[in-house]
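Asks: Fold the following for me, if possible:
(one chain, ligands or ions: 1)
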Amino acid sequence: MDGAPAAVVVRVEDAGLGPGAPVRLVVAGASDPERLRSVWAASGAAVERVGQRLRATTTVADLERAVGRAFGREAATSVAATARAAIAAWSAPPPAVELSQGMLPTDARPLVMGIVNVTPDSFSDGGALYPRDHPDAAVAHGRRLVAEGADVLDVGGESTRPGAEPVAVDEELRRVVPVVAALADSGMMVSVDTTKPAVAAAALDVGAVLVNDVSGGADDDLLAVVADAGAGYLLMHTRGTPATMAELAHYDDVVAEVYEFLAHGLQRCAAAGIAVDRVVVDPGLGFAKTAAHNLVLLRDLRQLRGFGRPVAVGASRKRFLGALLGGADAGERLEGSLACAAAAVGAGAALLRVHDVAETVRTVRVAHAVATGSPT
Ligand code: HH2
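Replies: Just a heads-up that it's a prediction; the model follows:
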């Protein structure tokens, strides 16, 4: 089929009126956007072209007809199916995530992921759990977070703050594996926050059930480890590495570019053998993003629901909150972190990655009740 290859991404910006009504959507990646624009506009839709993207308020039937005329029946069917799925996911509850053992029940209510940073240099809590009393301090911290209501623990051994020094594989294994093993042995659901295939494999071996990959799926070997283990996979948007990401924070349209990155990432997961039912997506707040980018992504977070996958958000104690709160240090960003958690839940987030578990659990309970209009 000519002109509408698999790289076409349909992003729903607004489906507020429900499945049968016109929706605002954006088509990216068509090889001949001008051709599509002219046939689409001929059907009466107001179509705006911005670079390679086409934005319109339209019905799916009109979109399907236009793509059919421009690129053929096969393309039309595939684009219409993607648009219908995105519209249906817009307001539906997120699905649960399949793991190597059991499920992550993101379909029931938004879940809280407690952060266990086994690092000397993380931006908000570096050194608290490592190297002192290793691994006991980190294990005790993880247990405390579960007692406070964390549904899953995210154990990481490498800081990703902008400019952080890379950690050698051996050292990251030393930090992470005993902590994951002890927490998994006591029945806790554990995710490993790593970009290294060897660390992911070792953590999955000792009981982790999810890999949180802040590289955005940059390493095919890591994807293969996840696929082989049948583990859950957290696909996060980023650019470059912690050393380079600050200078890569430039976007024409941050929501569009993050969405298209994640759409292609989901295709790469599928090609690597990771079933889509195992994947969670995350906009990667603070990763190659300015404060303004983070805020726009949080405001428009609902669009990421269009993949039909649970959406994770990590805003906890991040630097943009310090800037909004008059230069508050990491330890003084609780209210900002909770405000973001509530906003994210209101926009359909399924998983909140946080430092302050007890307070977030209470905030999420209320925000979820408001979002659903129901106290249960
Ligand atoms: N943020 C951090 C680390 N891992 N993973 C996901 N999925 N989403 C995030 O937003 C995210 C993440 C950075 O926070 P933190 O772990 O507190 O700091 P550091 O990387 O310095 O250890």
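
Asks: Pull the number of nearby residues for residue 228.
Replies: Number of residues near residue 228 (other CB atoms under 10 Å) recorded here: 14. For glycine as for every other residue, the C-beta is placed from the backbone atoms N, C-alpha and C.

Asks: show me what contacts whichever residue of the chain sits closest to the ligand?
Replies: With CB to the nearest ligand atom as the measure, residue 314 is the residue of the chain nearest to the ligand, at 2.3 Å. Going by CB atoms under 8 Å, 6 or more residues apart in numbering, residue 314 touches 282, 284, 285, 286, 352, 353, 354.

Asks: do residue 22 as well
Replies: Taking CB under 8 Å, 6+ apart as the test, what residue 22 contacts is 57, 58, 59.

Asks: what do you get for residue 142?
Replies: Neighbouring residues of residue 142 by CB under 8 Å, 6+ apart: 114, 116, 153, 155, 179, 183, 188, 190.

Asks: sec struct for residue 153, please.
Replies: strand (DSSP: H, G, I helix; E, B strand; the rest coil).

Asks: and it, how far is that from residue 28?
Replies: Separation of residue 153 from residue 28 (CB to CB, to the nearest Å): 36 Å.

Asks: These two: which has the busier surroundings?
Replies: More crowded of residue 153 and residue 28, by other CB under 10 Å: residue 153, with 26 against 22.

Asks: Quick check, residue 370 in contact with residue 346.
Replies: Yes. Contact criterion CB atoms under 8 Å: residue 370 and residue 346 qualify, at 7.1 Å.

Asks: ok, now which ones touch the residue lying farthest from the centre of the chain?
Replies: Using CA atoms, centre = their mean, the residue of the chain lying farthest from its centre is residue 42. It sits 37.1 Å away. Applying CB under 8 Å, 6+ apart to residue 42 gives the contacts residue 66.

Asks: how far away is it from residue 35?
Replies: In terms of CB to CB, residue 42 sits 11 Å off from residue 35.

Asks: now do residue 257
Replies: 23 Å.

Asks: Can you tell me which residues in the stretch 151-300 of the chain are near the ligand?
Replies: Selection of the stretch 151-300 of the chain residues close to the ligand by CB under 6 Å from any ligand atom yields 156, 159, 160, 161, 193, 212, 214, 234, 236, 282, 284, 285.

Asks: I'd like the list of these that fall within helices, please.
Replies: Nothing among these maps onto helices, per DSSP state H.

Asks: min pLDDT across the residues you listed, which one?
Replies: Across those, the bottom pLDDT score, 85, is held by residue 161.

Asks: coming back round to it: which phi and psi values does the residue farthest from the centre of the chain adopt?
Replies: Phi and psi for residue 42, reported as degrees, to the nearest 10, are phi -60, psi -20.

Asks: ditto for the one 3 residues further on
Replies: Summarising the backbone geometry of residue 45 under the convention degrees, to the nearest 10, its torsions are phi -70, psi 140.

Asks: go on, residue 132?
Replies: According to degrees, to the nearest 10, residue 132 has phi -60, psi 130.

Asks: Let me know the pLDDT of it.
Replies: 88.

Asks: now residue 19
Replies: 65.
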